[in-house]
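Let's see this in three dimensions:
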Amino acid sequence: MALITLRDLTLAFGGPPLFDGVTLQIEAGERLCLLGRNGTGKSTLLKVIAGELPPDGGEIHRQQGLKVALVSQEVPQELAGTVFDIVAAGMETAADLLAAYHALAHRLETSGDAALLPQLEALQHRLEEAGAWSLHQEVERILKRLSLDADAAFSALSGGTKRRVLLARALIAAPDILLLDEPTNHLDIDTILWLEEFLLKNVRTLVFVTHDRAFARRLANRVAELDRGRLYAFSCSYDQFVERREALLEAEVTRQALFDKKLAQEEAWIRQGIKARRTRNEGRVRALKKLREEYRRRRERQGTAKLQLQEAERSGALVAEAEGISYAWAGQPLLRDFSTTILRGDRIGIIGPNGSGKTTLLRLLLGELQPQSGSVRLGTRREVLYFDQLRDQLDLNATVVDNVGEGNDTVVINGKPRHVIGYLQDFLFAPERARSPVRILSGGERNRLLLAKLFTRPANVLVLDEPTNDLDAETLDLLEELLLDYAGTLLLVSHDRDFLNSVVTSTIVLDGSGKVEEFVGGYDDWLRQARAARPAEAPPKKAAEAPRPAKERPRKLSFKENQELAALPERIAALEAEQAALLATLADPEFYKSAGPEVARLNARLPELEAELAAAYARWEELETLAGGG
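So this is what the prediction gives:
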């Protein structure tokens, strides 16, 4: 039985409906990755599943006593207390005891007042009676793993750190369904890897929204996409979903082209005049009206952003040279005796734990900060564009147009003036959205806006500090292509492993203790080189070799195996035909209007077909090999 079932949900906020008959079942053990373009309603769907937002129409059925926890992108304003209090609140009944014990232990540690000891012992006894002592240790373990200060005031934390606190609270609650909205934002790579392992081992049922393709590839065993108000779910891995989505989009283009051709033919017929309105043609006229209505209701797929960088005159061959630089903050060394040379055209990735000094290294290499020892020599004719992860360059109270145009109606792109509204449409801002204040934009829209603002200026050195946060997959792919074609110099700070692998040619790694190393290639290349540099382990002792069996003579196929081999091509053809028909059915929007539970059955049949095809091909190869005498 499904944990939760959504049936024919509708929801709109004054424009085209976000949900137009959305149907979804979530079964125990599923790890569902929810994808879609920015603004399609992914975060809204998570809130509906969590019960925080009612739909306009449709039905929601939940198992009795179902426990759901949501970590959203927005931080609730009403939360107050220490980090420990917020996280421990996820344990419900034991939360008050845990918070009281931790607060009293902190007071004792800071004041040294021995009079507090009896109270502490009494609380400890109550925790043991409630069986919550191990939960206290679990809270501390997760806080340590997420690099959170248990005694820090929640209200004083940055937005990224607050989201890590909310993630810890959800993890500690052990819900039946855990809902995560962009969980990897503001996490470093080590923490993302830990989170992947934790979720795989400790969370049975998960629904998550992410732009991190490596995260989705590792976790998802089911994928769903929200597109133009409809939800398309597939029981497959992320990579298989990408292939199927491409096939569906191609089928949609073909189907719409045939529809448009038929509509044009019928419109030409109706214009012939009175003979088209004779009684015997009334059915054809009604059919044309139906075609017109279907065309009117058709929602076109959102366009693709058009990213274009303006390249300045070439910089000098040397961009920056660091010689033995060191820098420490509050007594903590961030860089120690690091040297590097950056030449024109280099594409360098910078990775390391949060707080390890990645942004500090960028500022040193740009000349914005002086090293405490060592020297930095800067190259000539540098035109630098800096994308900061906090998006401080955006005025939240100004409109999108004013942020880009800065009071002007036009911007100059590659020497030619363009109207700001038209330029912003390249970045998927409709005219009405372009006149909205920045504060109402989503995280992904703000990232696109900052890219649009920066790309109005020419540059030969591009510095991107976590540019992938909140961007949808299509915009990420376009940004990758843009950077691969960029002839200038790129410095990229990112936790997106796929993005690093695709874009950079060398990687600088900070470990948080002051040690900095440089490696050739992207993230995966660094992993291979780092493993190879570790001391080789002593090889295990060899077990006594068993005597080798005498070489067997190749056997001939039995009568039954010969019959099986002869039948396999026909079976494979039948399976492939069924697969093609099934994909065509799932690609047809009309099917979803009356399919009901048939949608789930067909989606479940797809992976079965793939497994049967793979087994049939493997068996065919095996029998062919035997038939050929090995």
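
ok, and the closest non-adjacent residue to the residue most central in space within the chain?
Geometric centre of the chain, nearest residue: residue 211, 1.8 Å, by CA atoms, centre = their mean. Leaving aside its sequence neighbours, residue 211 sits nearest to residue 471 (CB to CB, 6 or more residues apart in numbering; 5.6 Å). (Each C-beta comes from the backbone N, C-alpha and C, glycine too.)

need the next SSE after the least confident helix or strand in the chain by mean pLDDT, C-terminal direction.
Using mean pLDDT, DSSP states H and E, the weakest-scoring helix or strand in the chain turns out to be helix 589-594, at a mean of 65. Tracing the chain C-terminally past helix 589-594 and defining elements by DSSP states H and E, one meets helix 598-627 next.

So what does the residue lying closest to residue 431 once chain neighbours are set aside look like in phi/psi?
Of all residues beyond its chain neighbours, the one nearest residue 431 is residue 421 (5.4 Å), with distances taken as CB to CB, 6+ apart. Backbone torsions for residue 421, taken as degrees, to the nearest 10, come to phi -60, psi -40.

Can you read off the pLDDT for residue 421?
With respect to pLDDT, residue 421 scores 91.

same thing with the one 4 residues further on?
Note on residue 425: pLDDT of 85.

I'd like the distance from stretch 220-234 to the chain centre, please.
14 Å (CA atoms, centre = their mean, to the nearest Å).

Now that stretch: average pLDDT?
Along stretch 220-234, the predicted confidence averages to a pLDDT of 88.

From start to finish, how long is that stretch in a straight line?
Counting by CA to CA, to the nearest Å, you get 11 Å between the two ends of stretch 220-234.

Show me which parts of it are buried, residue by residue.
Within stretch 220-234, the residues that count as buried by 16 or more other CB atoms under 10 Å are 220, 222-234.

sorry, back to before: who's in contact with the residue nearest to residue 211?
Counting by CB atoms under 8 Å, 6 or more residues apart in numbering, residue 471 touches 38, 211, 444, 447-448, 479.

Tell me the one of those residues nearest residue 265?
Of all the contacts of residue 471, residue 38 has the smallest distance to residue 265: 37.6 Å, by CB to CB.

Just the local confidence number for the spatially closest residue to the closest one that is not a sequence neighbour, please.
Spatial nearest neighbour of residue 38, chain neighbours left out: residue 444 (3.6 Å); criterion: CB to CB, 6+ apart. Looking at residue 444, its pLDDT reads 75.

how about the helices in the stretch 251-400 of the chain?
Defined through DSSP state H, counting those that start in this stretch, the helices belonging to the stretch 251-400 of the chain, from first to last, are 282-297, 358-366, 400-405.

To residue 533, which of those lies closest?
With CB to CB, the closest approach to residue 533 among the helices of the stretch 251-400 of the chain belongs to helix 358-366: 21.4 Å.

buried set for that closest one?
Neighbour counts using 16+ other CB under 10 Å place 358-362, 364-366 of helix 358-366 among the buried residues.

Show me the shaky parts of the stretch 1-150 of the chain.
Within the stretch 1-150 of the chain, the stretches falling below the threshold (pLDDT under 70) are 14-15, 92-98, 127-134.

residues in contact with residue 106?
Residue 106 makes contact with residue 151, according to CB under 8 Å, 6+ apart.

Check whether it sits in a helix, strand or coil.
Secondary structure state of residue 106, per DSSP: H, G, I helix; E, B strand; the rest coil, is helix.

Can you tell me how far it is from residue 100?
Applying CB to CB, to the nearest Å, the value for residue 106 to residue 100 is 11 Å.

that older thread, tell me the one of the buried residues of helix 358-366 nearest residue 324?
residue 364 (12.1 Å).

Looks like the closest one contacts residue 323 (just checking).
No. Here residue 364 does not reach residue 323: they are 11.6 Å apart, not a contact under CB atoms under 8 Å.

list residues touching both of these two?
If you check residue 364 and residue 323 against CB under 8 Å, 6+ apart, the residues they both contact are residue 376.

what does stretch 137-152 rub up against?
By CB under 8 Å, 6+ apart, stretch 137-152 touches 82-84, 87-88, 91, 98, 102, 106, 161, 164-165, 167-168, 171-172, 191, 194, 198, 353-355.

Over to that stretch now: how far is its first residue from its last?
End-to-end distance of stretch 137-152: 18 Å, with CA to CA as the criterion.

buried set for it?
For stretch 137-152, a neighbour-count test (16+ other CB under 10 Å) marks 138-139, 142-143, 145-148, 150 as buried.

so can I have CSV of those residues showing distance to residue 10 and secondary structure?
What follows is the buried residues of stretch 137-152, written out as CSV (distance: CB to CB, whole Å; DSSP: H, G, I helix; E, B strand; the rest coil):
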residue, distance to residue 10, secondary structure
138, 41, helix
139, 40, helix
142, 38, helix
143, 41, helix
145, 41, helix
146, 38, coil
147, 42, coil
148, 40, coil
150, 44, coil
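
Between which two of those is the distance greatest?
In these, two members sit farther apart than any others by CB to CB. They are 138 and 147, at 16.6 Å.

Would you mind putting the CA coordinates of stretch 372-383 into PDB?
Taking Å, rounded to 0.1, in the frame of the first residue of the first chain, the C-alpha atoms of stretch 372-383 are listed here in PDB:
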ATOM      1  CA  GLN A 372      50.400  37.700   5.400                       C
ATOM      2  CA  SER A 373      53.600  36.200   3.900                       C
ATOM      3  CA  GLY A 374      54.800  35.400   0.400                       C
ATOM      4  CA  SER A 375      53.900  37.500  -2.700                       C
ATOM      5  CA  VAL A 376      51.300  37.600  -5.500                       C
ATOM      6  CA  ARG A 377      52.200  39.100  -8.900                       C
ATOM      7  CA  LEU A 378      49.300  40.100 -11.100                       C
ATOM      8  CA  GLY A 379      49.200  40.000 -14.900                       C
ATOM      9  CA  THR A 380      48.300  42.900 -17.200                       C
ATOM     10  CA  ARG A 381      45.200  43.900 -19.100                       C
ATOM     11  CA  ARG A 382      42.900  41.900 -16.800                       C
ATOM     12  CA  GLU A 383      39.100  42.500 -17.000                       C
END
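
ok now it, how far from the chain's centre?
Relative to the mean C-alpha coordinate of its chain, stretch 372-383 is positioned 36 Å out (CA atoms, centre = their mean).

Could you do stretch 431-440 as well?
The gap between where stretch 431-440 is centred and where its chain is centred comes out at 25 Å by CA atoms, centre = their mean.

first vs last residue of it, how far apart are they?
Where stretch 431-440 starts and where it finishes are 15 Å apart, if you go by CA to CA.

Roughly how far does residue 513 sit from residue 323?
The value you get for residue 513 to residue 323, if CB to CB is used, is 21 Å.

Dump the buried residues of helix 358-366 to CSV, plus pLDDT.
Compiled in CSV, the buried residues of helix 358-366 are given as follows (pLDDT from 0 to 100):
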residue, pLDDT
358, 91
359, 89
360, 92
361, 94
362, 93
364, 94
365, 94
366, 92
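
what would the residues you listed look like in a markdown table with distance to residue 345?
As requested, the buried residues of helix 358-366 are arranged in a markdown table below (distance: CB to CB, whole Å):
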| residue | distance to residue 345 |
| --- | --- |
| 358 | 22 |
| 359 | 23 |
| 360 | 24 |
| 361 | 20 |
| 362 | 18 |
| 364 | 21 |
| 365 | 16 |
| 366 | 17 |
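
before we move on, back to that, which helix or strand contains the residue nearest to residue 211?
Assessed by DSSP H and E, residue 471 sits outside every helix and strand.

Low-confidence ranges, the stretch 501-630 of the chain, go.
Counting by pLDDT under 70, the ranges of the stretch 501-630 of the chain that qualify are 534-561, 587-597, 627-630.

quick one, helices of the stretch 101-250 of the chain?
Under DSSP H, counting those that start in this stretch, the stretch 101-250 of the chain gives helices at 117-129, 133-145, 159-173, 189-202, 213-219, 238-270.

Is there a neighbour count for the residue lying closest to residue 8 once chain neighbours are set aside? I'd like the number.
With CB to CB, 6+ apart as the measure, residue 58 is the residue that lies nearest to residue 8, at 4.5 Å, once sequence neighbours are left out. Using other CB atoms under 10 Å, the number of residues around residue 58 comes to 17.
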